[in-house]
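Asker: For reference, the sequence and a predicted model appear below.
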Amino acid sequence: MPEPTRRRGRPRNSGESSGTIQALDRALDMLDLLAAQPGLTLSEIAEQMKQSPSTVHRVLHTLAARGVAETDPATQTWHIGPATFRLGSAFMRRSGIVERARPILRGLMEHTFETANLGILNGDAVLFVAQAETQETIRAFFPPGTRSPLHASGIGKALLAFGRPETLRALLDEGELVRFTDKTLTTAAALQEDMTRIRARGFSFDDEEKTRGMRCIAAPVFDLTGEAVAGISVSGPTHRIGHEHVKTLGAAVAAAAQDLTQAMGG
């Protein structure tokens with residue numbers, strides 16, 4: 001009697017969840033860790049990743065072979081490698097929005113004397129992709145690649161107010177929002193009220209909601225389909241961005257966002 005045909009396919013308990021590759025997932029988590037905390041030793045990475053040093057050693061040396069991670073022989077610490085810059089640059093070139101935004105950000109910074117920023121939606125956060133930094137001694141600083149929560153940032157709230165309704169709905173479905181200062185909006189009711197104000201005036205206002213002593217004013221940028229795909233903001237300390245300046249700065253930021261919208265064909 002012939003043996004029954006064995007069904008081929010992925011072995012059970014392969015350690016991979018549906019649609020993911022565990023080893024690749026682990027390597028990308030390691031890159032995220034190196035980006036957030038450069039200069040960790042192998043043992044420190046192993047401890048934070050809850051992986052054995054031998055596993056971490058193999059992953060790190062694989063990443064190093066591709067140039068996305070590198071080690072400092074003098075200190076035996078690990079860092080993001082130069083190949084990540086090439087990958088990041090490819091992302092930045094994808095839409096061309098960064099190049100179109102540069103002169104607009106520069107003009108906004110020179111007009112307001114505050115740091116001007118460009119950010120896009122990145123999952124459940126804002127990803128800052130460009131900045132024109134003021135020369136003031138005390139200033140806001142969001143280097144490209146920095147992420148900030150949607151509910152506690154100027155650009156984040158502008159994108160929530162003018163973006164797809166499901167983005168705001170998904171955020172509110174998570175329940176209580178993370179508190180960063182005593183001014184952070186942490187309830188659905190408070191955030192919804194702020195959304196109404198933002199839509200009415202055309203710009204958002206982060207009033208020390210992420211960092212005490214810092215304020216931010218932002219407006220959305222729209223693409224040719226009318227979707228809010230990015231935001232422009234100015235950020236600075238409370239002693240320069242007083243409540244009496246919000247309306248004037250808001251108009252300047254909204255005008256800059258409109259200029260970029262037109263440059264994008266929106």
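Answerer: Great, that's in hand.

Asker: what about the longest helix anywhere in the chain, distance to the chain center?
Answerer: Secondary structure of the chain per DSSP state H: the longest helix is helix 246-263. Remark: helix 246-263 is offset 21 Å from the chain centroid, using CA atoms, centre = their mean, to the nearest Å.

Asker: Dump that helix to CSV, keeping only the CA atoms.
Answerer: Taking C-alpha atoms only, helix 246-263 is exported to CSV below (Å, rounded to 0.1, in the frame of the first residue of the first chain):
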residue,chain,number,x,y,z
VAL,A,246,-0.1,82.8,17.9
LYS,A,247,-2.5,84.4,15.4
THR,A,248,0.3,86.2,13.5
LEU,A,249,2.6,83.1,13.5
GLY,A,250,-0.3,80.9,12.5
ALA,A,251,-1.0,83.0,9.5
ALA,A,252,2.6,82.8,8.4
VAL,A,253,2.8,79.1,8.9
ALA,A,254,-0.5,78.5,7.0
ALA,A,255,0.8,80.6,4.1
ALA,A,256,4.0,78.6,4.0
ALA,A,257,2.0,75.4,4.0
GLN,A,258,-0.1,76.7,1.2
ASP,A,259,3.0,77.6,-0.8
LEU,A,260,4.2,74.0,-0.5
THR,A,261,0.8,72.6,-1.3
GLN,A,262,0.9,74.6,-4.6
ALA,A,263,4.5,73.5,-5.3
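
Asker: by contact count, what packs against it?
Answerer: helix 97-112, strand 214-222, strand 228-237 (3 or more CB pairs under 8 Å, 6 or more residues apart in numbering; DSSP states H and E). Glycine gets a C-beta too; all of them are placed from N, C-alpha and C.

Asker: which residues touch it?
Answerer: With contacts defined as CB atoms under 8 Å, 6 or more residues apart in numbering, helix 246-263 is touched by 97, 100-101, 104-105, 107-108, 111-112, 114, 116, 118, 201-203, 205, 217-223, 230-234, 241.

Asker: Just the angle for that helix relative to strand 214-222, thanks.
Answerer: Here helix 246-263 runs at an angle of 30 degrees relative to strand 214-222 (axes from the mean of the first three to the mean of the last three CA atoms, to 10 degrees).
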